[in-house]
Structure formats: structure tokens, C-alpha cells
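Student: heads up, no residue letters with this:
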């Protein structure tokens with residue numbers, strides 16, 4: 001797979017960390033906005049692998065279920081790490 005600048009920008013963005021911090025600090029409105037932004041960025045970059053997870057995080061945030069949101073976020077972070085590792089091996 002050839003990565004575009006948009007895909008690389010999405011994978012390297014700091015919003016993943018910000019989302020984890022917002023969930024940790026129970027800043028639900030902020031977490032909701034961040035996950036929406038991440039979902040939009042992924043869609044614009046043509047990366048669909050995160051769509052289901054982002055929906056799950058959004059639902060967890062709406063229910064203020066920190067444990068579930070963190071669990072889904074860990075799956076997202078692992079998937080992101082795999083993408084970044086693949087990207088690093090191709091550059």
C-alpha cells in the first residue's frame with residue numbers, strides 16, 4: 001500500500017493521545033469532539049479500518065463508560081501502531 005500524505009498525517013496526529021487524556025479525565029464533551037475529528041480525518045484519508053471502533057468509542061463516551069472507551073481505544077492504538085510500523089518499514 002502506498003501511503004498518501006493525508007493518511008500519514010492521520011496516523012501521526014496527536015489526537016489519539018488527546019482522546020485518551022480526555023477519557024482519563026472524564027472530559028466527555030472534549031472526547032466526543034476528538035473522536036468525531038479522528039473519524040472525519042480517517043474517512044478523508046480513505047482509512048476505513050477505524051470506523052467501527054470510533055463508533056464504539058463515541059457510544060461509550062455518550063454513556064460515560066470510561067472502562068469500555070479505554071478498552072476500545074487500546075484496540076485503536078494497537079491498530080494505529082501496526083499501520084505506523086508498516087509505514088516505517090516502507091520508507
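Tutor: Structure received. None of the values given here were measured: they were computed from a predicted structure. Numbering: from 1, shown residues only.
Student: residue ranges for the strands of the chain, please.
Tutor: Assigned by DSSP state E, the strands in the chain number zero.
Student: any idea where the helices of it begin and end?
Tutor: Secondary structure of the chain (DSSP state H): helices at 5-12, 15-24, 28-45, 51-63, 66-90.
Student: now these in a markdown table, with mean neighbour count?
Tutor: Any C-beta I mention is one placed from the backbone N, CA and C, and that applies to glycine too. Output for those, formatted as a markdown table (neighbours: other CB atoms under 10 Å):
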| stretch | mean neighbour count |
| --- | --- |
| helix 5-12 | 16 |
| helix 15-24 | 18 |
| helix 28-45 | 17 |
| helix 51-63 | 17 |
| helix 66-90 | 14 |
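Student: In contact with the closest residue to residue 75 other than its chain neighbours, which residues?
Tutor: Nearest in space to residue 75, with sequence neighbours left out and distances taken as CB to CB, 6 or more residues apart in numbering, is residue 53 at 5.8 Å. Applying CB atoms under 8 Å, 6 or more residues apart in numbering, we find residue 53 in contact with 72, 75, 76, 79.
Student: and if we set it to 7 Å?
Tutor: Neighbouring residues of residue 53 by CB atoms under 7 Å, 6 or more residues apart in numbering: 72, 75, 76.
Student: Any chance of a markdown table for those, columns pLDDT and distance to residue 49?
Tutor: Formatted as a markdown table, the contacts of residue 53 follow (pLDDT from 0 to 100; distance: CB to CB, whole Å):
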| residue | pLDDT | distance to residue 49 |
| --- | --- | --- |
| 72 | 98 | 13 |
| 75 | 96 | 11 |
| 76 | 97 | 9 |
